[in-house]
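# The following comprises the amino acid sequence and a computationally predicted model.
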Amino acid sequence: MRPTLTRHALAILLPILNIGAAFLCAGLVVLAIGENPFNALGVLIDGAFGGSDVIGYTLYYATDYIFAGLAVALAFHGGLFNIGADGQAYLGGLGVALACLLLGDRLPWPLLLPVAIAAAMGFGAAWAWLPGYLQARTGSHVVVTTIMFNFIANALMNYLLVDVLIAPGQESPQTREFAAGAALPMLHEMAAGLGITMAPSPANLSLLLALGACVLFQLYVWRSRDGYALRVMGTNPGAARYAGIRVGRKTIFAMCLSGALAGLVAINEVEGANHHLATGFTGGAGFIGLAVALMGRNKPLGICLSALLFGALTQGGTELSLEIPKIDRDMGLVIEGLIILFCGALQDVFRRPLTRACEALGWI
């Protein structure tokens, strides 16, 4: 029982200490520019959780980060560092847009949604396939190839939206609006059906899809034979080969599955919130997914909590820049960077003191 208590303490208290240290450093930065850090923290929290309208925006951003975090975490369990989730989400948006443009006026959203999900996952997986193949067959490192594919995805989508898919008479690079029947139910509409009053926000049904993806992720990685093989490969590729696991094929499959999860970001953004495909719709969610997975220890529950934190930082940071002009939007990036620093490179800085505290309490 005592070792279990220790693991729980490390799993729960260590991230809290790291986040606290990150906010402490951010507070010192705020103090250095002549503002009250406690006032700034209050504005940040109120801007993220101070009402149903801002909570809706926080959940909307968190939905993207859950999908992206799951994508990064799945690859990481296979010993792969997928830096290309943003590009894979971008291509997933192309799949969603094509499905909605072609079928949006023919199918209601309950029938269109499975098609859009399949398209998002298929296009995201296809964009992750080649980096996985190159890693497995030629030894080209997946970190390098996925970074390069982000730039290729950006260039490809710019071309398609400027020269091919742009709506007639439209100056900004985006497609025409989808048919009204293609739009997903919004979270405030769903809450109203349950008798709960919520202010309008972009949060939509995709939030429930993200939570469902977390459940499936848990079952696949820790409750399936294939997920066990994935974790063996990520822990020791040599032992995996000795056990008869085809590491090359598993590498390609893991990257495709990771890309498919990243592609689901487009369901929230393209079909759920925007109802059209535009350039830059991911807003860097794929890169934030790296931090979300890292801070969440690549576990679904941790990823959900981490995504909620980063969603709150995104929404609260926007409100903070409006309320305190001296603290611009870049300050939110500073806080995010500090969290990544303490939960990544410095994630074990408090491990030894925490372990000694556990010993003093008699847990070990």
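Perfect, thanks for sending it. Numbering: from 1, shown residues only.
# what's the spatially closest residue to P37 that is not a sequence neighbour in contact with, if anything?
Distance criterion Cβ to Cβ, 6 or more residues apart in numbering; nearest residue to P37, sequence neighbours excluded, is G27 at 3.5 Å. (C-beta placed from N, C-alpha, C; glycine too.) The contact partners of G27, taken as Cβ atoms under 8 Å, 6 or more residues apart in numbering, are P37, F38, A40, L41.
# Check those and tell me the two furthest apart.
F38 and A40 (7.3 Å; Cβ to Cβ).
# The two: which is more packed in?
Counted by other Cβ atoms under 10 Å, F38 and A40 do not tie: A40 has more neighbours, with 24 against 11.
# C256 falls within a helix, correct?
Yes: judged by DSSP: H, G, I helix; E, B strand; the rest coil, C256 forms part of a helix.
# Where does pLDDT dip in the stretch 151-300 of the chain?
Within the stretch 151-300 of the chain, the set of residues satisfying pLDDT under 70 is empty.
# Could you pull up phi and psi at R246?
Backbone torsions of R246, given as degrees, to the nearest 10, read phi -80, psi 90.
# how many neighbours does the residue lying closest to L346 once chain neighbours are set aside have?
Leaving aside its sequence neighbours, L346 sits nearest to N18 (Cβ to Cβ, 6+ apart; 7.2 Å). Neighbourhood size, N18 [other Cβ under 10 Å]: 23.
# Quick one: name whatever helix or strand follows the helix or strand harbouring N18.
For N18, the element it lies in under DSSP states H and E is helix 2-32. Note on helix 2-32: by DSSP H and E, the next helix or strand toward the C-terminus is helix 37-49.
# just checking, A26 touches V334?
Yes: counting by Cβ atoms under 8 Å, A26 touches V334, with 6.2 Å between them.
# Next up, the contacts around the nearest residue to L257 once chain neighbours are set aside.
Once flanking residues are discounted, L257 sits nearest to L74: 5.8 Å by Cβ to Cβ, 6+ apart. By Cβ under 8 Å, 6+ apart, the residues touching L74 are F217, V221, L230, A254, L257, S258, L261.
# cutoff 10 Å now
L74 sits next to 80, 82, 217, 220-221, 227, 230, 234, 254-255, 257-262, 293, 298 when contact means Cβ atoms under 10 Å, 6 or more residues apart in numbering.
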